[in-house]
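**Student:** I would like the atomic coordinates for the input below:
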Amino acid sequence: MAQKTGLEFTNPDAYREKMDRLLGNREPISVISETPDVLDDIVGRHSPRDMRRRPFPGKWTPNEIIGHLADAEWVYGYRIRLVLCEDQPTILGMDQDLWVSGQRYNDREPADLLEMFRGLRSFNLPLWRQMAPSDFERAGKHNERGDESLGAMIRMLAGHDLSHIDQISRYLEAG
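**Tutor:** This is a model prediction of the structure:
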């Protein structure tokens, strides 16, 4: 296992494969386009109290997951611009748990986190949509996962969305 700042990471190929399996044959840009509305439906059907409830010790709350999705969107926005505009740039990972706890997402309003995510996604989505097929072949070197093309990144981002939407739904049902 690779290590970074004291955290253990699972097999990067296994992570990519899991995200790819979740996405299946779906079009990644369609999936990421739908995510803000799916989250809007979830936030609209559940109280802030439910969104802040931690159903399992040591796991994020639904609210924190939405905050994490916003962080991921911010990070991916930077990464896609980096890879699109530079040759073989280094792509840095992040300590997602520190980002979630450090920004106190569970103290924030679910609707505010959703709007933050929606705004970031609406900023990045046109960039994904305008890419030429050759752009998706451009790659950078992720410091934890190795070479990563924009084509792989969009599939991982879409799978990431689907994974966390499922997680939110399961956590709310368990709550």
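
**Student:** tally of neighbours for the residue lying closest to residue 156 once chain neighbours are set aside?
**Tutor:** Leaving aside its sequence neighbours, residue 156 sits nearest to residue 19 (CB to CB, 6 or more residues apart in numbering; 4.5 Å). Just so you know, the C-beta spots here come from the backbone N, C-alpha and C atoms, and that holds for glycine as well. Residue 19 sits with 20 neighbouring residues when counted by other CB atoms under 10 Å.

**Student:** Tell me the spacing between residue 19 and residue 158.
**Tutor:** 8 Å (CB to CB, to the nearest Å).

**Student:** circling back: ok, the residue nearest to residue 156 touching residue 152?
**Tutor:** No - applying CB atoms under 8 Å as the test, residue 19 and residue 152 come out as separate, 9.2 Å apart.

**Student:** Can you show me the strands along the protein?
**Tutor:** For the chain, the strands defined by DSSP state E occupy 3-4, 7-8, 90-91, 139-142, 146-149.

**Student:** Single out the most deeply packed of those.
**Tutor:** Greatest average neighbour count among those goes to strand 139-142 (a mean of 18), per mean count of other CB atoms under 10 Å.

**Student:** coming back round to it: in a markdown table, list the strands of the chain along with mean pLDDT and distance to residue 165.
**Tutor:** As requested, the strands of the chain are exported to a markdown table (pLDDT from 0 to 100; distance: least, CB to CB, whole Å):
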| stretch | mean pLDDT | distance to residue 165 |
| --- | --- | --- |
| strand 3-4 | 37 | 27 |
| strand 7-8 | 38 | 24 |
| strand 90-91 | 95 | 24 |
| strand 139-142 | 96 | 24 |
| strand 146-149 | 94 | 23 |
